[in-house]
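In: no sequence for this one, just the structure:
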């Protein structure tokens, strides 16, 4: 292969990687799932608790689960319409927390800047302390299913073609001394799920990279 050909291939690869990083093109790592039509069908993983109650709201999670938690048995559901996050062990609900959402709380997330929270099944990509919001549990948005919905929204004319898909969606706390944002149900984020500081600290302690998070409308 000649030098010009190598330079051309390099330019194409570089442009593709940049487009993927900026949220305009599906990353190569997701192409297998993206092209699999059957992979786009989701079945609900959790059965949400009945009504609007917060399960075991006054009991510390450590008192429920004990000191030695098997994090592989933990999963999370988020019900946007009920402003409720629930921790599950072996798919059984054990404790719920009040949450708030982005400034556009209704509807699925299709693109950057829509200030919506994505819906469906996602997984925690990583989790780490955050200087402003106590802890950050980073969701794997956009996944292959997110990309399908993103392009469908563009084809339907719901969002412009030049808008990227967005990223950096997660579950986190509130700024210092701002638990009142949760009590007053003030949707203040750009699409993330926010909880009181003590609550996100509890959830952080039982979560890991790979924890399943199911988000309901």
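Out: In hand now; what should we look at? These numbers were taken from a predicted model, which means no experiment stands behind them. Numbers count the residues shown, from 1 in each chain.

In: what's the offset of the biggest strand by length in the chain from the middle of its chain?
Out: Scanning the chain for the longest strand, with DSSP state E as the assignment, gives strand 120-130. Remark: strand 120-130 is offset 7 Å from the chain centroid, using C-alpha atoms, centre = their mean, to the nearest Å.

In: next SSE downstream of it?
Out: strand 134-139 (DSSP states H and E).

In: which element follows that following strand toward the C-terminus?
Out: Per DSSP H and E, the helix or strand that comes after strand 134-139 is helix 144-155.

In: from the chain's centroid, how far away is the very next helix or strand once past that next one?
Out: For helix 144-155, the following helix or strand on the C-terminal side (DSSP H and E) is strand 170-172. Counting by C-alpha atoms, centre = their mean, strand 170-172 is centred 7 Å from the centre of its parent chain.

In: so who does residue 22 touch?
Out: residue 164 (C-beta atoms under 8 Å, 6 or more residues apart in numbering). (Glycine included, C-beta is placed from N, CA and C.)

In: same thing with residue 175?
Out: Contacts of residue 175 by C-beta under 8 Å, 6+ apart are 132, 133.

In: show me where the protein has its strands.
Out: 74-79, 84-89, 92-98, 120-130, 134-139, 170-172, 193-194, 212-216.

In: quick check: mean pLDDT across the longest strand of the chain?
Out: What strand 120-130 shows for mean pLDDT is 97.

In: list the contacts of that strand.
Out: So strand 120-130 is contacted by 42, 45, 108, 135-141, 143, 145-146, 172-173, 204, 207-215 (C-beta under 8 Å, 6+ apart).
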